[in-house]
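**Q** need coordinates for the below:
(3 chains)
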Amino acid sequence: MVNAALDLAATDGQTVSRPAPETSPLAVRGLTVSYGEKPAIFSVDATFPANAMAAIIGPNGAGKSTLLKAALGVIPRLSGEVAVFGKPVESARDRIAYVPQRASVDWDFPTTVIDVVMMGLYRRVGLLGRLTQSLHAQAQECLDRVGMADFTHRQIGQLSGGQQQRVFLARALAQDADLYLLDEPFAGVDAATERAIIDVLKSLKAAGKALISVHHDLATVTDYFDHVFLINVRKIAEGPVQTTFTGENLNAAYGGRLAATHIDQLQLAAGA
Amino acid sequence: MGSEFVQLSLTPLLIGIFASVACALPGNFLILRRQALIGDAISHVVLPGIVVAFLVTGVVAAIPMLIGAAGAAVVAVILIEAIKRLGRIEPGAAMGVTFTTLFAAGVLLLEQSDTSTVHLDVEHALMGNLESLIWFKAQGWHSLLDPVALAALPHELGRIAVVCAAMIVLTVIFWRWLKISTFDEGFAEALGLPTSAIGLGLVIAAAVAAVAAFDAVGSIIVIAMFICPPAAARLMTNQLKAQVLWSVVFAVLSAVLGYVFAGYGPLWFGGENAVSAAGMIAAVSGLILALACLFAPHRTRIGVAKEEATA
Amino acid sequence: MTSFVDALLLNAGYNAALVGIGAALLGFAAGASGTFLFLRKRALVSDAIAHATLPGVGLAFIVMVMLGGDGRNLLGLLAGSAITAWIGLLIVEWMARRTRLSEDAAIGAVLSVFFGAGIVLLTVIQTMSAGRQAGLESFLLGSTAGMLFQDAVIIAIGGTLAVLATWALRRPMTLVAFDPEYAAASGYDVRLIDLAMMGLVMAVTVIGLKVVGLILIVAMLIIPPVTARFWTERSNNLIWYAGILGAVSGYIGAAISAAAPAVPTGPIIVLVAAALFLFALLFAPARGVAAAVIRHRRFQKRVHRRQGLLALARSEPILDDLTLKVLRAEGLIRPDGVATDAGRAAAAKIARDEHRWDTAREMHQDAGLTGRYDGLTPIEQVFTPDEIAEFDRRIGGPKPVEGPG
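**A** Next up is the predicted model:
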């Protein structure tokens, strides 16, 4: 596992010799984050592929969300470099859409569904730019895409968990980004929502976007994703699902926490 | 309702209204951020801020006092954060340590320094003195057009009017930033918004509102203005914009009713002297909140789903 | 200065001695009962309670005067303050439970509105003929100057009772503060104990009104427990430490105040407590600022050293400035970034540690061990020497790290 071929050209002008900066929508190198004295993730290198759906997988407390948040600069990093489409995160904000964990916000906040979706447009319209009719229509269309058109003026606290997640996804759609980062989009949602979300994500991929999602349901990995990144504080493995989503790597990531029978039931990569 | 009203009541009433609105606006966001008690902490540290400003400059002037109070608020916020993080202490306790200490220091400084020549004492700082801010030179409504009389308006009026206007402008300009960073800080951060600066800016704005209002209504009652109108407004609606507008309505209502009750209430009960207007404004705002808690349409978390389910 | 020493030694008169003892007892009870509040994460509820005493003081004065008595009777005033404080507390609980407002908003609303109502009552009293010299303002910031002998006795007795009550209730309150569900499962009535806790806090507040004042009594309930938290991790110690810190603050503060009667007592006591807190914040061994800064620096250095050496071991370029600085400072790389002999040796050692971990994780696939695979835990801390020897046997001999090509 000490062999990650780094094509993180990006962050550093002087050492660039290899691939074009555009190749990876998100590349991190030596990323370390710690809460207090205990590293949450340690010296993680990762290179996510363009135009693919990638899953970040690992046991609870393995640093999956931390990796995402630190890459975005939502939480401070102790060391390491991050490149988004070959540029520092700060100059690539317009190209990133982020779907936080549902539990991370106050759902009692006095606002409506359409308001939340419009938040995805704030960066584009700035502080005082007018939210024109066409922008309203855009937001409405995003709600349509996630099947929430009938809930436009509903107070967000009145939504079910699955509906809340769809609204978050609609907000990300409104950002019209090239890279979508999703933190456990399927956690605690109903089956219909899961299908609706995955349909939207697949359509995004078909439109040439890159998607990276923190994911915890091992049973659906092979159905949903083409690239996996296994982490448990440190990187365990990364690569295409076909070659990387193996029993061996899962054992390495989860330790003894996965029962053997459970692993047997997964549609693992050939040769596992 | 003639010349006597203009001379004695017009300016205190306006000051009360401006102070209430100036505090209620940032109060809305403090409440939604679960930082209502930052308002409590700020209004306590206004006193040491003003005292230090006075000791440094030697005069009671508006600008140094505003700077001193805002500086004290920033110091308090930094201290609270430091105590929270370093000691892993819960925010309430960290706030309690910080503002009581700073307040105690302010009282002691005030008692030790020679402030006998200026209008600065602890009781005044706590309770304010709205009634004294009268317009001596006014002889009636026509004085509003008389430059000589206008020049004699209490300074406090101009100050609080400017601050109130500033609060309105700031709320409008930073509306989207405030809204998004209050609702979903992680998302705001991912958008690249300066969320820490927004949070600190909100606290500083609240401190400025507090110090401007402080003169008129005193430091403790400022807390009522930060909390009660926005809290009552939150129970009236599920829309942020509507909440802020309701809070302004409640703030104005508290100020007007409070002032009237304080001035005329005792007369109705056969008393002769008015009671503290600032205290009465706080009491009225509490009454409005109590009514909202009992009857407002969106007072509980559950049970509101019904009405819109059919929409 | 001598008067301060006199007061410290209880030589400054009968009243001052009683007040000093009373303040110390009060400080102890406040610190100890405040600890439970602090552990329940409800420290600022005490702020609402304290401010809610003011209308009670005013009402009690008015009622006593109307009944033809002396409005300044301390016992009567304290009883009045207890009643409104209790009402305030119930309103905070009701608002937080029954409306969508959070507890902090409820606390802020109650404390400011009750205080406002109290101010209104004070202005009413000022207009009463009996109210001219009521001196109720001393309840705001505390004053022990000109205190009657019987007032001092009330404070001393009240302080003693509060300490005894804290002692009697310490076990159930600790239990509830730490794990209310477990307490409920073990048959304790959590609501009752919570009420008792609040009752105790209220009693301390009421007793402290005259000495510390209602605005700052909350400091006596909050600062000592927070200070104690810096010195100990154990709950039982926490109660005692907080009690002792509170007692020291109360005693010294009262002594200073006896020597300087012009100054209100409350701020002095609070500042003594705050000084003790500041010392703890800066210098406490585990949680103090100094210790934290040193620890963070060390930790960051460790991370960068390790990452740098791993990069050397993999012959990757190092880009991070701090990493370069750390390695240079230890002579592990030359100024131009090329590894020295020492650097290569260290890198080889790190690489070996990594190999051992890889092997260890293949052999011991259990969660407890992989969880410690965080990049910084030396393998020697987790495995026994013979286990490590087994890993080495599997890996083969150590491999040297080549210099950069």
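**Q** does chain A sit close to the host helix or strand of residue B:46?
**A** For residue B:46, the element it lies in under DSSP states H and E is helix B:36-57. No. Helix B:36-57 does not reach chain A (Cβ under 8 Å from any Cβ of the partner chain); its nearest approach is 13.7 Å. To be clear about C-beta, it is placed using only N, CA and C from the backbone, and glycine gets the same treatment.
**Q** burial measure for the closest residue to residue C:56 other than its chain neighbours, as a count.
**A** Nearest non-adjacent residue to residue C:56, counting by Cβ to Cβ, 6 or more residues apart in numbering or on different chains: residue C:84, 3.4 Å away. Other residues near residue C:84 come to 23 when the count uses other Cβ atoms under 10 Å in any protein chain shown.
**Q** list the buried ones in the helix or strand harbouring residue C:84?
**A** Residue C:84 belongs to helix C:74-98 when assigned by DSSP H and E. For helix C:74-98, the neighbour count (16 or more other Cβ atoms under 10 Å in any protein chain shown) marks C:74, C:76-78, C:80-86, C:88-89, C:91-93, C:95-96 as buried.
**Q** one step back: how far off centre is the helix holding residue B:46?
**A** 13 Å (Cα atoms, centre = their mean, to the nearest Å).
**Q** so is that helix next to chain C?
**A** Yes. On the criterion Cβ under 8 Å from any Cβ, helix B:36-57 is in touch with chain C at B:36, B:37, B:39, B:40, B:44.
**Q** coming back round to it: ok, the residue nearest to residue C:56 - contacts?
**A** Shown in contact with residue C:84 (Cβ atoms under 8 Å, 6 or more residues apart in numbering or on different chains): C:52, C:53, C:54, C:55, C:56, C:59, C:114.
**Q** how close does it sit to chain B?
**A** In this view, residue C:84 and chain B are 13 Å apart by Cβ to the nearest Cβ, to the nearest Å.
**Q** low pLDDT regions in the chain?
**A** This is for chain A. Along chain A, segments meeting pLDDT under 70 span A:1-22, A:256-265, A:267-272.
**Q** wait, I meant chain C there
**A** When residues are selected by pLDDT under 70, those of chain C lie in C:1-3, C:7, C:10-12, C:129-134, C:145-146, C:362, C:364-374, C:397-405.
**Q** which residue ranges make up each domain of it?
**A** C:2-282, C:290-395 (automatic domain parsing).
**Q** so what's residue 238 closest to, chain neighbours aside?
**A** The chain I'm using is chain A. Closest to residue A:238 by Cβ to Cβ, 6+ apart is residue A:229, at 4.4 Å.
**Q** ah, no, chain C please
**A** residue C:228 (5.1 Å).
**Q** give me the neighbour count for that neighbour.
**A** 27.
**Q** for the residue in the stretch 101-250 of chain A that chain B sits nearest to, name its beta-bridge partners.
**A** Ranked by Cβ to the nearest Cβ, the top residue of the stretch 101-250 of chain A for proximity to chain B is residue A:155, at 4.1 Å. With DSSP bridges as the criterion, residue A:155 is bridged to residue A:112.
**Q** what's the burial count for it?
**A** Counted with other Cβ under 10 Å, residues neighbouring residue A:155 total 22.
**Q** could you look up the SS state of residue A:43?
**A** Residue A:43 carries the three-state label strand when classified by DSSP: H, G, I helix; E, B strand; the rest coil.
**Q** hmm, it is touching residue C:306, no?
**A** Yes. Contact criterion Cβ atoms under 8 Å: residue A:43 and residue C:306 qualify, at 7.4 Å.
**Q** list residues touching both of those two?
**A** residue C:375.
**Q** and the residue nearest to residue A:238, its phi and psi?
**A** phi -130, psi 110 (degrees, to the nearest 10).
**Q** any idea what it is bridged to?
**A** Applying DSSP bridges, one finds that residue A:229 bridges with residue A:56, residue A:238.
**Q** how deep is it tucked in, by neighbour count?
**A** 25.
**Q** how much space between it and chain C?
**A** 17 Å.
**Q** any idea where the helices of the stretch 1-150 of chain A begin and end?
**A** Under the criterion DSSP state H, counting those that start in this stretch, helices of the stretch 1-150 of chain A are mapped to A:64-72, A:113-119, A:122-125, A:133-145.
**Q** so for whatever helix or strand comes next after the last one, what gets flagged as buried?
**A** Note on helix A:133-145: by DSSP H and E, the next helix or strand toward the C-terminus is helix A:161-174. Going by neighbour count (16+ other Cβ under 10 Å), the buried part of helix A:161-174 is A:162-174.
**Q** now narrow those to whatever sits close to chain B.
**A** Applying Cβ under 8 Å from any Cβ to those, those adjacent to chain B are residue A:171.
**Q** for residue 168, which non-adjacent residue is closest in space?
**A** If you meant another chain, say so; for now it's chain A. Nearest to residue A:168 is residue A:99, by Cβ to Cβ, 6+ apart, at 5.0 Å.
**Q** I was after chain B.
**A** residue B:25 (6.7 Å).
**Q** so the helix or strand that that neighbour is a member of versus helix B:36-57, what angle?
**A** Per DSSP H and E, residue B:25 falls inside helix B:11-32. For helix B:11-32 against helix B:36-57, the angle by axes from the mean of the first three to the mean of the last three Cα atoms, to 10 degrees is 130 degrees.
**Q** isn't residue A:128 right up against residue B:174?
**A** No. Assessed by Cβ under 8 Å, residue A:128 is found out of contact with residue B:174, at 9.6 Å.
**Q** immediately after the helix holding residue B:46, which helix or strand?
**A** Helix B:36-57 is succeeded, C-terminally, by helix B:62-86 (DSSP H and E).
**Q** and that next one, anywhere near chain C?
**A** Yes. Against chain C, helix B:62-86 shows contacts by Cβ under 8 Å from any Cβ at B:82, B:83, B:86.
**Q** next up, the contacts around residue B:175.
**A** residue A:127 are the contacts of residue B:175 under Cβ under 8 Å, 6+ apart.
**Q** and it, what pLDDT?
**A** The score at residue B:175 is 94. That number is its pLDDT.
**Q** what's the distance between it and residue B:235?
**A** Distance of residue B:175 to residue B:235, computed by Cβ to Cβ, to the nearest Å: 21 Å.
**Q** likewise residue B:245?
**A** Distance of residue B:245 to residue B:235, computed by Cβ to Cβ: 14 Å.
**Q** mind giving me the packing neighbours of the helix or strand harbouring residue C:115?
**A** For residue C:115, the host element (DSSP H and E) is helix C:103-127. Under the contact criterion of 3 or more Cβ pairs under 8 Å, 6 or more residues apart in numbering or on different chains; DSSP states H and E, helix C:103-127 touches helix B:36-57, helix B:122-127, helix B:219-234, helix B:277-295, helix C:45-51, helix C:53-66, helix C:74-98.
**Q** residue contacts, the residue of the stretch 1-150 of chain B found nearest chain A?
**A** Distances between the stretch 1-150 of chain B and chain A by Cβ to the nearest Cβ are smallest at residue B:32, namely 6.4 Å. Contact analysis of residue B:32 by Cβ under 8 Å, 6+ apart lists A:106, A:109, A:110, B:182, B:183, B:234, B:240.
**Q** okay if I get these as TSV plus distance to residue B:145 and neighbour count?
**A** What follows is those, written out as TSV (distance: Cβ to Cβ, whole Å; neighbours: other Cβ atoms under 10 Å in any protein chain shown):
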residue	distance to residue B:145	neighbour count
A:106	50	16
A:109	47	18
A:110	43	26
B:182	43	26
B:183	47	22
B:234	41	28
B:240	40	22
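**Q** what about residue A:190, distance to residue A:162?
**A** From residue A:190 across to residue A:162, the span is 4 Å (Cβ to Cβ).
**Q** give me the element whichever residue of the stretch 301-405 of chain C sits closest to chain B is part of.
**A** Per Cβ to the nearest Cβ, residue C:303 is where the stretch 301-405 of chain C lies closest to chain B, at 19.3 Å. Per DSSP H and E, residue C:303 falls inside helix C:289-313.
**Q** could you look up the next helix or strand downstream of that helix?
**A** The helix or strand immediately downstream of helix C:289-313 is helix C:321-329, counting by DSSP H and E.
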